[in-house]
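# sequence below, structure please.
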Amino acid sequence: MKKEKYLIFAEDLTALDLDTTDATVSTTTALVNPVSLLNATSGTDGIIEVRLQVHGDHTLGSAYGTVAVGDYFTINTSGYTVHASSGVVTIIDSDVDAVNGVKLSGTAGNNDVQVNLLKHIDGGTLACFPASKFKGMQTVDADETDLYFEAGTGDIDAVDVIKITHGANKYKELAEMVNDAMAPAKSGAAVDFFIGGQSAGTGVDALSFNGNPAGITSVDIQLDS
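Sure, this is the predicted structure:
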């Protein structure tokens with residue numbers, strides 16, 4: 001039986017900067033689409049992190065020690081809840097939890113909250129293709145190239161496209177990366193061709209195949225619908 005090779009692509013992990021005047025922070029599809037992919041354990045499972053920029057009228061739980069005004073700190077997962085389906089994050093008041101909680105400011109603009117995605121969970125920004133479905137590649141400009149795969153919808157007149165941003169004039173190196181990644185193997189395998197990272201908050205490094213000679217910096221997944 002033929003063993004299939006799979007190529008995995010993922011866009012950069014996302015982040016939201018939100019201002020709130022109460023403890024409720026509503027995430028949006030700019031972070032995860034749909035937001036219902038977030039659930040009550042998204043914090044404890046390491047899928048998201050919640051960070052706050054300190055102002056003088058915040059009261060932090062004892063777990064955080066002293067944080068300088070203007071600095072961001074990560075709220076412990078015990079210091080907030082995530083709704084089971086709406087993606088709403090609720091920060092627990094330090095009056096309720098004196099260790100992990102945070103009392104927010106009542107002043108507009110003083111509650112600058114960051115919600116950062118730490119793992120890929122959004123099917124629209126994560127894709128896996130069998131190497132046998134590869135149809136070809138074409139330059140878009142000096143630092144962008146499209147890879148084409150048979151459409152997952154089954155539409156024979158359409159393709160799924162991975163738009164790759166790479167180093168200037170690195171088409172040859174990218175073509176070699178694709179060729180090497182799809183080289184036959186004795187057993188089926190999955191290749192992390194490019195998996196985007198996250199620079200905000202807790203840094204998550206990007207993963208790339210074979211040392212990334214093409215200098216790939218990001219991918220954009222465009223699935224046929």
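# which stretches of the protein have low pLDDT?
Counting by pLDDT under 70, the chain has low-confidence residues at 1-2, 185-187.
# next, find the distance separating Gly136 from Asp143.
Per C-beta to C-beta, to the nearest Å, Gly136 is found 19 Å from Asp143. In short, each C-beta sits where N, CA and C put it, glycine included.
# report the beta-bridge partners for Ser26.
Listed beta-bridge partners, Ser26: Val88 (assigned using DSSP bridges).
# distance check, it against Ala200.
Computed as C-beta to C-beta, the Ser26 to Ala200 distance reads 19 Å.
# picking that back up, who's more crowded, Gly136 and Asp143?
Asp143 (18 against 10; other C-beta atoms under 10 Å).
# nearest residue to that one in space, please, no chain neighbours.
With C-beta to C-beta, 6 or more residues apart in numbering as the criterion, Asp143 has its nearest non-adjacent residue at 5.0 Å, and that residue is Ala168.
# which SS state does the one you found fall under?
coil (DSSP: H, G, I helix; E, B strand; the rest coil).
# for Gly123, give me phi and psi.
phi -60, psi -20 (degrees, to the nearest 10).
# how many other residues sit next to it?
With other C-beta under 10 Å as criterion, Gly123 counts 12.
# what does the one 3 residues further on give?
One way to gauge burial is a neighbour count; for Leu126, by other C-beta under 10 Å, it gives 16.
# ditto for Ser86
By other C-beta under 10 Å, the residues close to Ser86 number 13.
# mind listing what it touches?
For Ser86, the contacting residues are Ser26, Val35, Ser36, by C-beta atoms under 8 Å, 6 or more residues apart in numbering.
# which of those has the largest number of neighbours?
Neighbour max across those (other C-beta under 10 Å) = Val35, 18 neighbours.
# so how far is Glu49 from the nearest residue to that one once chain neighbours are set aside?
Using C-beta to C-beta, 6+ apart and skipping the chain neighbours, the partner closest in space to Val35 is Gly87 (3.2 Å). To Glu49, Gly87 is 14 Å away according to C-beta to C-beta.
# the residue nearest to Thr107 when sequence neighbours are not counted: what's it in contact with?
What sits nearest to Thr107 in space, not counting adjacent residues and going by C-beta to C-beta, 6+ apart, is Asp57, at 6.5 Å. The contact partners of Asp57, taken as C-beta under 8 Å, 6+ apart, are Ser105, Gly106, Thr107, Asn110.
# how many neighbours does the nearest residue to Gly124 once chain neighbours are set aside have?
The shortest distance from Gly124 to any non-neighbouring residue, by C-beta to C-beta, 6+ apart, is to Asn33 (5.6 Å). Counted with other C-beta under 10 Å, the neighbours of Asn33 add up to 14.
# quick one: secondary structure of Asn33?
Following three-state DSSP, the label given to Asn33 is coil.
# could you do Asn179 as well?
Under three-state DSSP, the three-state class of Asn179 is helix.
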